[in-house]
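>>> give me a model of this one.
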Amino acid sequence: MPVLLPTSRTRGHAKAAGARHAQDHAKDHAQDHAVVIAGGGPTGLMLAAELALAHVDVAVVERRAHQELVGTRAGGLHARSIEILDQRGVADRFMREGQITQLAGFAWTRLDISDLPTRHAYGLALRQSHIERILADWVSELAVPIYRSREVTGFAQDETGIDVTLSGGETLRANYLVGCDGGRSLVRKAAGVDFAGTDPTLSNLMAEVEMRDEPAWGLRHDALGFHGLSKTESGRVLVVVTEATLDRTGAPGPRDLSDALVAVYGTDFGLHNPSWISRFTDAARQAGSYRSGRVLLAGDAAHIHHSVGGQGLNIGVQDAVNLGWKLARVVKGLSPETLLDTYHAERHPVGARTLRNTMAQIALLRRGEDGLKAAREIVSELLAMDAPRQRFGAMMSGLDVHYDLGQGHALLGRRMPDLDLTVDGRPLRLFTLLHGARGLLLDFGKAGNIDMTPWADRIDLVEADYHGAWELPSIGQVAAPKAVLVRPDGHVAWVGDESQDGLADAMTRWFGPASD
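The predicted structure follows:
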């Protein structure tokens with residue numbers, strides 16, 4: 001498939017374009033970009049940043065006129081997401097505004113991951129509205145244009161690219177379109193990608209309101225499902241309540257919330273002045289393929305599930321980091337388009353596992369029956385034991401993700417730990433070496449032992465010393481390698497000894513053929 005060259009422009013020109021309002025963009029009949037991203041939520045913004053770091057001409061199409069988000073939605077970042085942001089040198093921006101906490105849990109059993117081998121053995125309580133704002137500021141710094149007050153309404157693929165039609169009447173020409181446009185993704189539907197799964201068995205309302213009467217604080221289980229009333233930072237009441245019926249759909253209003261509260265508590269506590277009300281279910285669906293020609297899917301466009309466990313935003317961000325560097329290499333003509341097939345191969349199983357664990361949690365939490373209560377208590381007892389707690393904690397926090405890259409060292413396919421290295425006699429954190437989103441070849445053997453000159457334009461070779469233990473979450477200590485090839489997403493692509501067997505093949509597979 002021929003490569004469509006991105007529009008040439010200086011960084012200064014791009015920065016101006018990034019700041020331009022959608023109405024200014026509308027003056028042009030068409031703007032060419034190498035990649036167009038439908039959706040400017042956390043997944044779309046993270047993908048835009050990854051592509052911009054790789055110097056790819058990328059643009060985001062976002063229906064909102066500004067980044068402000070009404071409603072609570074996701075409430076934090078898990079450990080692996082914090083690591084990913086740390087790999088790009090921006091984790092501190094989020095840490096300054098969030099609250100460090102033990103965020104991981106399974107079916108309302110808290111999972112303390114403070115003893116897992118990671119620099120970030122915790123989660124970060126931070127609302128999605130803040131997460132999006134910080135990401136959007138970063139993306140703006142990277143000079144990514146955002147077409148606001150626009151939606152992707154259709155597209156047409158051909159042999160050399162894809163024409164993307166926007167709601168304002170514009171057409172954007174690109175190499176690839178990535179649907180990050182949510183669970184009702186128009187991009188996915190227009191591409192004809194199957195979205196198989198299970199229909200909802202429960203419907204929850206979530207809202208932030210004021211109440212004239214004192215609420216019945218805390219969690220509650222009954223025959224309808226699970227419910228909770230808690231106080232927000234602003235002193236208002238955060239409501240989560242299971243509705244008595246699945247018949248009500250669409251945008252909920254105060255009457256829906258009042259009826260649901262009365263059905264559970266016998267009163268609505270005089271609720272008034274709602275900031276927002278949202279409805280979500282336990283429907284669990286996953287795209288049959290994350291790629292259809294020049295169209296790719298990420299985040300909720302690729303998988304939906306109940307919010308229990310707080311995994312949705314996090315795996316969407318991790319989808320983006322897996323896809324971004326691969327898409328950049330293909331767009332630039334440095335790697336064959338078959339590299340994009342590894343995105344589905346690696347991330348589809350992660351999404352499937354997330355659907356599985358959320359369905360298991362909802363099965364335990366669904367009702368307040370005696371049998372389910374006993375099952376929850378037994379699961380809680382099991383998760384209080386160290387080995388199960390560590391294993392489930394690593395799963396729920398995203399630290400145990402393992403891509404199947406074949407047989408070999410335990411590191412292969414897993415996240416590279418953020419080691420405290422010594423480079424040229426100076427201390428250096430490993431994640432610092434990933435800030436540029438390039439490949440990294442770490443040589444822990446004799447200086448000058450590895451020759452990777454043909455790939456020097458895309459992989460950084462660093463000779464380093466490390467004398468500490470090598471330890472992985474839920475696995476434990478592993479043998480110290482002589483050399484490690486790390487992909488831009490932080491996962492290990494090759495582990496070597498003195499022989500360097502397989503290194504050239506690994507560099508070719510992930511970073512393209514050797515340069516002449």
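>>> and the helices in the stretch 401-516 of the chain?
All helices of the stretch 401-516 of the chain, identified by DSSP state H, counting those that start in this stretch, fall at 503-511.
>>> all strands of it, in order?
Secondary structure of the stretch 401-516 of the chain (DSSP state E, counting those that start in this stretch): strands located at 420-423, 426-429, 439-443, 459-463, 471-472, 476-477, 483-486, 492-496.
>>> let me know which of those strands is the nearest to Ala121.
Ala121 lies closest to strand 471-472 among the strands of the stretch 401-516 of the chain, at 11.9 Å (Cβ to Cβ). All C-beta spots, glycine's among them, are computed from the backbone N, C-alpha and C.
>>> state the mean pLDDT of the closest one.
Strand 471-472 shows a mean pLDDT of 96.
>>> mind listing residues that contact it?
Applying Cβ atoms under 8 Å, 6 or more residues apart in numbering, the contact partners of strand 471-472 are 117, 410-411, 414, 417, 477-478.
>>> of those residues, grab the buried ones for PyMOL.
Selecting only the buried members of the contacts of strand 471-472 in PyMOL, with burial defined as 16 or more other Cβ atoms under 10 Å, works like this:
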select buried, resi 117+410+411+414+417+478
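>>> okay if I get the contacts of strand 471-472 as JSON lines plus distance to Glu214 and pLDDT?
Conversion of the contacts of strand 471-472 to JSON lines gives the following (distance: Cβ to Cβ, whole Å; pLDDT from 0 to 100):
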{"residue": "Pro117", "distance to Glu214": "45", "pLDDT": "97"}
{"residue": "Ala410", "distance to Glu214": "54", "pLDDT": "96"}
{"residue": "Leu411", "distance to Glu214": "54", "pLDDT": "97"}
{"residue": "Arg414", "distance to Glu214": "49", "pLDDT": "98"}
{"residue": "Pro417", "distance to Glu214": "49", "pLDDT": "97"}
{"residue": "Gln477", "distance to Glu214": "52", "pLDDT": "95"}
{"residue": "Val478", "distance to Glu214": "54", "pLDDT": "96"}
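>>> now for the contacts of strand 471-472: which two are most distant?
Longest span within the contacts of strand 471-472, Cβ to Cβ: Arg414 and Gln477, 13.6 Å.
>>> how many neighbours does Pro513 have?
12 (other Cβ atoms under 10 Å).
>>> residues contacting stretch 383-391, please?
With contact meaning Cβ under 8 Å, 6+ apart, stretch 383-391 is reached by 106, 109, 111-113, 115-116, 382, 392, 400, 473-474.
>>> convert the C-alpha atoms of it to PDB, please.
In PDB, the C-alpha atoms belonging to stretch 383-391 read as follows (Å, rounded to 0.1, in the frame of the first residue of the first chain):
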ATOM      1  CA  LEU A 383      -7.400 -11.600  48.200                       C
ATOM      2  CA  ALA A 384      -6.100 -10.800  51.700                       C
ATOM      3  CA  MET A 385      -3.400 -13.500  51.200                       C
ATOM      4  CA  ASP A 386      -0.200 -12.200  49.700                       C
ATOM      5  CA  ALA A 387       0.100 -14.200  46.500                       C
ATOM      6  CA  PRO A 388      -3.500 -13.700  45.300                       C
ATOM      7  CA  ARG A 389      -3.400 -10.000  46.300                       C
ATOM      8  CA  GLN A 390      -0.200  -9.400  44.400                       C
ATOM      9  CA  ARG A 391      -1.400 -11.300  41.400                       C
END
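>>> how far does it sit from its chain's centre?
25 Å (Cα atoms, centre = their mean, to the nearest Å).
>>> swap in stretch 193-209?
19 Å.
>>> how near is the closest residue to Ala375 other than its chain neighbours to Arg438?
Spatial nearest neighbour of Ala375, excluding adjacent residues (Cβ to Cβ, 6 or more residues apart in numbering): Leu364 at 5.9 Å. The gap separating Leu364 from Arg438 is 43 Å, by Cβ to Cβ, to the nearest Å.
>>> just Leu205 next, same as before
Applying Cβ to Cβ to Leu205 and Arg438 gives a distance of 46 Å.
>>> Ser140 too?
23 Å.
>>> over to Val262?
58 Å.
>>> who's more crowded, those two?
With neighbours defined as other Cβ under 10 Å, Val262 and Arg438 compare such that Arg438 has more, 18 against 13.
>>> per-residue pLDDT, the more buried one?
For Arg438, pLDDT reads 97.
>>> what's the answer for Gly293, then?
We have a pLDDT of 96 for Gly293.
>>> phi and psi next, for the nearest residue to it once chain neighbours are set aside.
Among residues not flanking Gly293 along the chain, Gln157 sits closest, at 5.1 Å (Cβ to Cβ, 6+ apart). Main-chain torsions, Gln157, degrees, to the nearest 10: phi -90, psi 150.
>>> roughly how far does Gln157 sit from Gly288?
Counting by Cβ to Cβ - Gln157 and Gly288 are separated by 18 Å.
>>> look at those two and report which has more neighbours.
With neighbours defined as other Cβ under 10 Å, Gln157 and Gly288 compare such that Gln157 has more, 16 against 13.
>>> so who does the more buried one touch?
When contacts are counted by Cβ under 8 Å, 6+ apart, Gln157 touches 293-295.
>>> show me those that map onto strands.
Val295 (DSSP state E).
>>> derive a PyMOL selection command for the buried subset of the contacts of stretch 383-391.
Command for PyMOL that selects the buried part of the contacts of stretch 383-391, burial taken from 16+ other Cβ under 10 Å:
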select buried, resi 106+109+111+112+113+116+392+400+473+474
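>>> distance to Ala196 added to the contacts of stretch 383-391, as TSV?
Output for the contacts of stretch 383-391, formatted as TSV (distance: Cβ to Cβ, whole Å):
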residue	distance to Ala196
Phe106	25
Thr109	30
Leu111	30
Asp112	36
Ile113	32
Asp115	38
Leu116	34
Leu382	31
Phe392	26
Asp400	26
Pro473	31
Ser474	30
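>>> looking at the contacts of stretch 383-391, which are in helices?
382, 392 (DSSP state H).
>>> closest one of the contacts of stretch 383-391 to Gln87?
Nearest member of the contacts of stretch 383-391 to Gln87, counting by Cβ to Cβ, is Pro473, at 16.3 Å.
>>> tell me who's in contact with the closest one.
When contacts are counted by Cβ under 8 Å, 6+ apart, Pro473 touches 116-118, 390, 393-394, 399-400.
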